[in-house]
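A.B. asks: what follows is a predicted structure for the sequence shown.
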Amino acid sequence: MSPAPKILCFGAFEADLDSGELRKQGMRVRLPHQAFRFLTTLLERPGDLVTRDELRSAVWASDTFVDFDHGLNKAVNKLRQVMNDSAHSPRFIETVAKRGYRFIAPVTGREQSAAKVSAVRRIRLAVLPFENLSPDPSQEFFSDGLTDEMITELGRLNPGRLGVIARTSAMRYKRTAKRVDEIGRELGVDYILEGSVRRAENRIRITSQLIQVKDQTHLWAESYNRELADVFHLQAEVAHRVASSLAFELLPGRVTNGVSPQAYDAYLKGLYSWNQGTDAAAWNAIELFRQAIALHPRYALAYSAIADCYGRLVWFGALRPDEACAKAREAALSALEIDQELGEAHCSLALVHFWFDWNWSAAEHEFRRAISLKPNYAAAHNWYAAYLNVIGRHAEARAEQARAEEWDPLSVSNAMTRADPYYFSRQYASAIQELEPIVQREPHYFPAEYNLARAYALMGDCEKALEAFKRVAAICQVPQAEAAVAYAYALTGNKAEAALIEERIEQFAASHYFPAPQLALIRLGMGDKKGAVRRLQQGLEERSFLMIYVKSDPVYDGLREDPDFIKILKSMNFPD
C-alpha cells in the first residue's frame with residue numbers, strides 16, 4: 001500500500017501536511033493554524049461534504065472552548081481571502097447551507113521528496129492584448145491575432161512548467177487602465193507579457209516586455225523590426241526570451257515555418273471573425289480559413305478552426321446536423337493528418353464524436369488526448385466537462401470545469417457552466433445561485449439566462465421562467481428561443497399563446513431546418529408526453545445534437561417510464 005501523500009496540490013497552491021504550510025507558486029502564504037487544519041480536512045476528502053461537526057472535531061480539540069461558529073466563519077473567510085475565492089461563485093470551497101463545506105477543485109498529491117525539487121513548480125503567465133499602433137484601424141485583426149498566436153506559442157513551450165491564461169480572459173484587459181498588479185491578482189499569474197504592434201505594408205514593428213507581477217519589475221523589454229514573412233520566427237524569438245527569463249528548458253516546438261504572410265493574414269482574419277460569436281461571422285471565418293489553406297495547404301490550425309465553425313453553425317439551425325457533421329469531421333481529420341500532436345484538432349474531433357456520432361468512448365478518448373497535448377487548453381477542459389455532465393458523471397465534470405476556470409478565470413462561459421453539475425443533478429436552487437449573478441453582470445449573454453430560465457421552470461417558478469425566456473428570445477433573435485417561450489407559456493397555463501407560437505414555428509420549419517427536440521419541449525409544456533416522444537424520435541432520425549441531453553436533462557424526467565423513450569435511450573448507446 002503506497003504511503004499517503006505529504007503534499008496536496010490544487011490550482012496554484014500546495015498544502016504541506018508535514019510543515020503545516022500553504023504555498024502559492026512555491027511562496028509561503030501566511031495562514032492561521034485553524035484555517036490550515038480546516039483546509040487540509042477538506043483537501044483530504046475532495047468532492048465530499050464535510051459536516052460542521054466533523055470540522056469541529058478536526059480543527060479544535062475536544063477540551064478547547066471556543067465560539068465554534070465564529071471560529072469556523074473566521075477560518076473559511078481567511079481561506080477565501082488568501083485563495084481569491086468567493087462564497088457566491090466558489091472555485092475551491094463550496095458552502096453547503098446549514099450542513100458544512102465541500103472542496104470542489106481537483107486535488108493531487110505527491111511525496112515530500114518530489115515537492116522539494118523547485119523545478120516542478122508551474123509558473124503562470126498572461127499575455128495581454130497587443131496594442132494596435134498601426135495608422136489603419138482595420139489592422140486590429142492583426143494585433144488581436146498576434147495576441148492569440150503568442151498565447152498558443154507560449155503555451156507550447158513547456159506545459160509542465162508554464163501555464164498560460166486563455167484568450168477569453170486575457171482579452172478582457174484590452175485597452176484597460178488597470179495596473180499590472182491588479183491584473184496579476186485577478187488572473188492569479190506570476191508574470192505578464194504586454195506589447196504593441198505597428199504594421200505598414202509588409203513590415204512590422206513589435207515591442208514587448210515581460211513584467212514580474214509581485215514587484216512590477218520589468219525583466220526585459222525588446223523591439224523588433226522585421227519583414228512580415230518573419231512573424232513566426234519573431235514569435236519563437238519572444239518565446240525564447242520568456243523561457244530564458246523564467247529559467248526553464250524549452251520543449252521541442254511545432255514547426256510553423258513555410259506559412260506565407262498572406263496565409264497568416266487570412267488565418268488571423270478568420271480568428272478575428274470567429275471570435276465575434278455569430279453565425280454570419282462563423283461563415284465568414286470559414287471562408288477566410290479556406291483562403292489560408294489555399295495559400296498553405298498544410299495549415300493544420302486552419303483546418304481545426306473550420307471544424308469548430310461548422311460545429312457552431314448547427315447550434316441555432318444555420319446548418320442541418322448531417323451536413324455540419326460531414327464537414328466538421330473532414331476538417332478535423334485533415335488537421336490531424338497534417339499534425340497528430342495538435343491538441344486543438346483532437347478537441348475538434350472529440351466534438352464531432354460527441355455532438356453528432358454519439359460515439360461516447362471515442363469522444364472521451366479525443367478529449368483526453370487534447371488535454372494531454374495542451375494541458376492549459378481551457379476550451380478542451382470546458383467541453384470535456386460538458387461531455388461528463390451529459391453522461392451523468394457530475395463530480396468529474398465539476399473537477400474538469402475547475403480546470404477550465406484555472407486557465408480561463410474570467411470566461412463568462414466557464415462561469416455559466418459551473419452551474420451545469422447542479423442542474424443535471426437536480427439541485428436547481430444551487431444552479432440558480434450560480435447563474436443569477438452572471439445574468440446581472442452580463443445581461444446580454446443570453447446562454448446564461450436561458451440556463452437560468454430552465455432552472456426556474458423546473459423549480460416551479462414558471463412566471464420567472466417565462467420572463468427570462470422572453471428576454472433570451474429578444475436578444476438572440478433565433479426561432480429555437482421562441483420554442484422555449486412557448487414551453488414557458490404552457491407551463492403558466494396560457495396554452496393558447498403557446499399553441500400560436502408553436503404554429504408559427506411549424507410554418508418556419510416547413511422550409512427551414514428546426515431541431516425537433518425544441519418542438520418536443522413545447523409538447524412537454526403542453527403536457528403531451530406522447531407528442532414529445534414523437535418529436536424526440538424525429539430528433540433521433542435527424543441526429544440533432546440536442547439529443548445528447550436526453551439521458552441527463554431533467555426536463556425529460558416525466559418521460560423516463562415511456563417505452564418509446566426508453567428505446568430512444570437504448571438506441572443512442574449511452575454509457576452506464
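C.D. replies: Sure, I can see it. Residues are numbered from 1 along each chain as shown.
A.B. asks: what's the distance between Leu128 and Asp148?
C.D. replies: In this structure, Leu128 lies at 12 Å from Asp148, with CB to CB, to the nearest Å as the measure. For every residue, glycine as well, the C-beta is placed using N, CA and C.
A.B. asks: wait, Gly493
C.D. replies: When distance is defined by CB to CB, Gly493 is 50 Å away from Asp148.
A.B. asks: those two: who's more crowded?
C.D. replies: Between Gly493 and Asp148, counted using other CB atoms under 10 Å, Asp148 has the larger neighbour count: 21 against 10.
A.B. asks: make sure the more buried one is indeed in a strand.
C.D. replies: No - the assignment for Asp148 (DSSP: H, G, I helix; E, B strand; the rest coil) gives helix, which keeps it out of a strand.
A.B. asks: dump the residue contacts of it.
C.D. replies: Arg167, Leu268, Leu271 (CB atoms under 8 Å, 6 or more residues apart in numbering).
A.B. asks: run a quick neighbour tally on the last one.
C.D. replies: Applying the criterion other CB under 10 Å, we find 23 residues in the vicinity of Leu271.
A.B. asks: can you check the second one too?
C.D. replies: By the measure other CB under 10 Å, the count of residues near Leu268 is 22.
A.B. asks: that one contacts Ser143, correct?
C.D. replies: No - contact criterion CB atoms under 8 Å: Leu268 and Ser143 do not qualify, at 9.3 Å.
A.B. asks: and Thr40, what does it touch?
C.D. replies: Leu8, Ala15, Leu17.
A.B. asks: where's Asp553 relative to Leu452, distance?
C.D. replies: Summarising the geometry, the distance separating Asp553 from Leu452, computed by CB to CB, is 15 Å.
A.B. asks: more crowded one of these two?
C.D. replies: For Asp553 and Leu452, the more surrounded residue by other CB under 10 Å is Leu452, and the numbers stand at 26 against 18.
A.B. asks: identify the residues contacting the more buried one.
C.D. replies: Under the criterion of CB under 8 Å, 6+ apart, the neighbours of Leu452 are Ala431, Ile432, Leu435, Glu436, Val439, Ala468.
A.B. asks: okay, and the last one sits in which element?
C.D. replies: Using DSSP states H and E, Ala468 sits in helix 462-476.
A.B. asks: so what's the residue count around Ala404?
C.D. replies: 26.
A.B. asks: right, and it touches Ala378 too?
C.D. replies: Yes - under the contact definition of CB under 8 Å, Ala404 touches Ala378, with a separation of 4.7 Å.
A.B. asks: which residues do the two both contact?
C.D. replies: In the contact map built from CB under 8 Å, 6+ apart, the residues linked to both Ala404 and Ala378 are Ser411, Asn414.
A.B. asks: how far off centre is the strand or helix carrying Ile522?
C.D. replies: Using DSSP H and E, Ile522 sits in helix 516-526. Offset of helix 516-526 from its chain centre (CA atoms, centre = their mean, to the nearest Å): 29 Å.
A.B. asks: please apply the same query to stretch 134-148.
C.D. replies: Centre-to-centre, stretch 134-148 and its host chain are 25 Å apart (CA atoms, centre = their mean).
A.B. asks: can you read off the pLDDT for Asn158?
C.D. replies: In this model, Asn158 is scored at 74, pLDDT.
A.B. asks: so it makes contact with Val242?
C.D. replies: No - at 10.5 Å, Asn158 and Val242 do not qualify as touching, with contact defined as CB under 8 Å.
A.B. asks: neighbour count winner among these two?
C.D. replies: The residue with more neighbours, out of Asn158 and Val242, is Val242; 26 against 16, by other CB under 10 Å.
A.B. asks: the more buried one belongs to a helix, doesn't it?
C.D. replies: Yes - Val242: assigned to a helix according to three-state DSSP.
A.B. asks: tell me the confidence at it?
C.D. replies: Model confidence at Val242 (pLDDT) stands at 77.
A.B. asks: show me what contacts it?
C.D. replies: Contact partners of Val242, counting by CB under 8 Å, 6+ apart, are Leu125, Leu154, Leu157, Tyr191, Leu193, Leu210.
A.B. asks: secondary structure element holding Tyr489?
C.D. replies: Take DSSP H and E as the rule and Tyr489 turns out to sit in helix 479-491.
A.B. asks: so which bits of the following helix or strand past that helix are buried?
C.D. replies: Read in the C-terminal direction, the helix or strand following helix 479-491 is helix 495-509, with elements assigned using DSSP H and E. By neighbour count, and taking 16 or more other CB atoms under 10 Å as the criterion, the buried residues in helix 495-509 are Lys495, Glu497, Ala498, Ile501, Glu502, Ile505, Ala509.
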